[in-house]
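Student: Need a 3D model of the following:
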Amino acid sequence: MSIIKIDMNSPEFKAEMEKTIKFTDKVNKQFGWVYNPQVEVNEGVQMGLARNKMMYNKRFCPCFMVDDSGDKPKSVDDRICPCKPAIEKEIPETGSCHCGIFVTPEFAANKRIELGMEEVAHTHSRGLTQEEAAMLVNKSELDSDEVVSLLEARELGMVDFKLVDVREHMEWQMGHIKGADVLIPTSSFFPTLEEAKLDKNENIILYCHVGSRSAHVARILTDSGYAKIGNFTNGIVSYHGEIQR
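Tutor: Predicted coordinates for the structure are as follows:
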């Protein structure tokens, strides 16, 4: 099975994207939520919702896999936007839904402050010793500076790992981390994983848009016997290294 490709410049996708934006506007108004201050997060989720509507005729949550092996496609945990777990648990408890597009006004205010702090804190990466690189590549959760530093260390032959993008083909085309080794989209995950022929004993670092899809995939791979899985916690929207377009 090849990667599912949707042309984001097609009239069909643009029309569906317009409908999806109106839909997410309506959801915010209905529940008293607001959009995430990180515009890239909202755009990525909206694109995923529009893609799923075109593919499955339902706005399945783009952060969870869709099982279309039966008569009707089904999302993990019945995640149809706005999903029940977000309404009943995630937003009341954390201020944000799993995908990060819908947040409370309080969460948004705190996030704006946090983003200002991060801009100062993450101004550059630093070189690693070989010992530090070996320790870092085995972390289960990584931030932007750590991923940048590991890619630099890999270029120098100090460490080895596979950087795997689990977003969709159109997101990859818009921009991916320079140095990413393979695209394994969640919409065609298991067949594409088989084609990628990853070694279950090699270090694998996963990333997606905001870290939710990659965290989900990390659990699946770990349960499937992959021994050294790392997750880029906040995804490509937080990445300070070079993006290849």
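
Student: any weak-confidence spans in the protein?
Tutor: 1-2, 115-127 (pLDDT under 70).

Student: Got the domain ranges for it?
Tutor: 11-120, 130-244 (automatic domain parsing).

Student: So what's the gap between the longest one and the chain middle?
Tutor: Think domain 130-244. Between the centre of domain 130-244 and the centre of its chain there are 10 Å (C-alpha atoms, centre = their mean, to the nearest Å).

Student: Format the domains of the chain as a markdown table; extra columns: mean neighbour count.
Tutor: C-betas here are computed from N, CA, C, even on glycine. Output for those, formatted as a markdown table (neighbours: other C-beta atoms under 10 Å):
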| stretch | mean neighbour count |
| --- | --- |
| domain 11-120 | 17 |
| domain 130-244 | 18 |
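
Student: how about the strands in the chain?
Tutor: 34-35, 66-67, 74-75, 102-103, 141-142, 162-165, 176-177, 182-183, 203-207, 228-232, 243-244 (DSSP state E).

Student: what packs against the fourth one?
Tutor: Just to be clear, that refers to strand 102-103. Helices and strands touching strand 102-103, by 3 or more C-beta pairs under 8 Å, 6 or more residues apart in numbering; DSSP states H and E, are helix 11-31, strand 34-35.

Student: looking at these, which is closest to residue 202?
Tutor: Across the helices and strands packed on strand 102-103, residue 202 has its closest neighbour in helix 11-31 (35.6 Å, C-beta to C-beta).

Student: residues touching residue 30, list them.
Tutor: Shown in contact with residue 30 (C-beta atoms under 8 Å, 6 or more residues apart in numbering): no residues.

Student: Check residue 183 too.
Tutor: 3, 164, 165, 167, 169, 172, 176, 192.

Student: State the distance from it to residue 172.
Tutor: According to C-beta to C-beta, to the nearest Å, residue 183 stands 5 Å off from residue 172.

Student: which residues are common contacts for the two?
Tutor: Counting by C-beta under 8 Å, 6+ apart, the shared contacts of residue 183 and residue 172 are residue 165.

Student: distance of the nearest residue to residue 53 once chain neighbours are set aside from residue 136?
Tutor: Using C-beta to C-beta, 6 or more residues apart in numbering and skipping the chain neighbours, the partner closest in space to residue 53 is residue 59 (5.1 Å). Plainly put, residue 59 is 38 Å away from residue 136 if you go by C-beta to C-beta.
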